[in-house]
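# coordinates only, sequence not included:
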């Protein structure tokens, strides 16, 4: 919650270097670990880190009326995973009789999705890459690429449950269409018990990012976020701030806005351990220190 010890005012040196610009630079660099931490460790969390498939950013996005959003994080959230080789699908009554096993299979596959397109007129290399990224082994990929025209490759998958775990088994069928020019088209359909997986592996999502100046009040900040959410058609938002009260944080959270400490996005600065005022550091005062960049460097003249 907002009492998290990471939420505290940044040092004067960090503010002097323009905290807003530092954070935007960090977003523009788009380091995966940094962005993953932003989505996973904001309060409340938006996604588990291991469920993030791809991630990227846009910085300084126009929203109209001469306003600009600080940033947008684009990511794909994993919703399905291929069952590992040898992984047993749990079927109630599976070890009792074939009749009960057949009933369990019929229950798990009672609904059928529409035919979906995974890729159209893809070259061989891209087709293989797409299947490999999905989790298929080389021998499985060979089977899929050389299917007879009217044949389907069957595989068991797991969809994500409301708790964020992959526990909902479903059957996926994939077929391959080969063309004289050497390209491939991949199509698939799913058979499931209740909820359609609605994607092959992941769903694309967007998160609005706003960096809150310390001097900006709650109402003005909320108004700015809501305007930008509507203008960009983005529901999820993260507010990055250096200091925030419990009541303010709860207010933002209740409005569907996650909060994240600015200190986690501050870039390291050029350092000189011999002139640093942080006596608790093991490298403090070392003239030949190998440290060139440091998140905690504070000149001794500025140390309070």
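On my side now, so go ahead. This is a predicted model, so every value here is computed, not measured.

# now the helices: where do they sit in the stretch 151-300 of the chain?
Taking DSSP state H, counting those that start in this stretch to define them, one finds helices in the stretch 151-300 of the chain at 218-232, 246-254.

# Nearest to residue 119, out of the ones you listed?
helix 218-232 (28.9 Å; CB to CB). The way it works is simple: take the backbone N, C-alpha and C, and place the C-beta from them, glycine included.

# thinking again about what came up before, export the helices of the stretch 151-300 of the chain to CSV and tack on mean pLDDT and distance to residue 152?
Output for these, formatted as CSV (pLDDT from 0 to 100; distance: least, CB to CB, whole Å):
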stretch, mean pLDDT, distance to residue 152
helix 218-232, 97, 40
helix 246-254, 96, 46
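
# Indicate which one of these is closest to residue 162.
For these, proximity to residue 162 was assessed by CB to CB; helix 246-254 is nearest, at 19.8 Å.

# roughly how far apart are residue 176 and residue 213?
Distance from residue 176 to residue 213, counting by CB to CB, to the nearest Å: 55 Å.

# out of those two, which sits in the more crowded spot?
residue 176 (21 against 12; other CB atoms under 10 Å).

# What pLDDT is listed against the residue lying closest to the more buried one once chain neighbours are set aside?
For residue 176, ignoring the flanking residues on the chain, the nearest one in space by CB to CB, 6 or more residues apart in numbering is residue 147 at 5.1 Å. What the model reports as pLDDT for residue 147 is 95.

# One more: the one 3 residues further on?
Among the per-residue scores, residue 150 holds a pLDDT of 90.

# do the same with residue 87
pLDDT at residue 87 comes out at 82.

# domain parsing for this protein?
12-78+204-267, 80-200, 268-304 (automatic domain parsing).

# Low-confidence ranges, the stretch 101-250 of the chain, go.
Within the stretch 101-250 of the chain, the ranges that satisfy pLDDT under 70 run 101.

# can you do 90?
101-108, 149, 162-164, 198, 214, 242-243 (pLDDT under 90).

# what's near enough to touch the closest residue to residue 83 other than its chain neighbours?
Leaving aside its sequence neighbours, residue 83 sits nearest to residue 156 (CB to CB, 6+ apart; 4.3 Å). By CB atoms under 8 Å, 6 or more residues apart in numbering, residue 156 lies in contact with 82, 83, 87, 89, 169, 170, 171, 172.

# so who does the first one touch?
Taking CB under 8 Å, 6+ apart as the criterion, residue 82 is in contact with 134, 135, 136, 155, 156, 157.

# Which strand or helix spans the nearest residue to residue 179 once chain neighbours are set aside?
Excluding the flanking residues, the one nearest residue 179 by CB to CB, 6+ apart is residue 121, at 6.9 Å. Secondary structure from DSSP states H and E places residue 121 in strand 116-122.

# Can you check what angle separates the helix or strand just after that strand from strand 116-122?
Using DSSP H and E, the helix or strand that follows strand 116-122 towards the C-terminus is helix 124-133. On the basis of axes from the mean of the first three to the mean of the last three CA atoms, to 10 degrees, helix 124-133 is oriented at 150 degrees to strand 116-122.

# Quick check: buried residues in helix 124-133?
127, 128, 130, 131 (16 or more other CB atoms under 10 Å).

# separation between the nearest residue to residue 146 once chain neighbours are set aside and residue 247?
Leaving aside its sequence neighbours, residue 146 sits nearest to residue 176 (CB to CB, 6+ apart; 8.0 Å). Distance, residue 176 to residue 247, by CB to CB: 58 Å.

# Now do the same contact list for the most centrally placed residue in the chain.
The residue lying closest to the centre of the chain (CA atoms, centre = their mean) is residue 52, at 3.7 Å. Contacts for residue 52 were tallied using CB under 8 Å, 6+ apart; they are 36, 39, 40, 75, 76, 77, 78.
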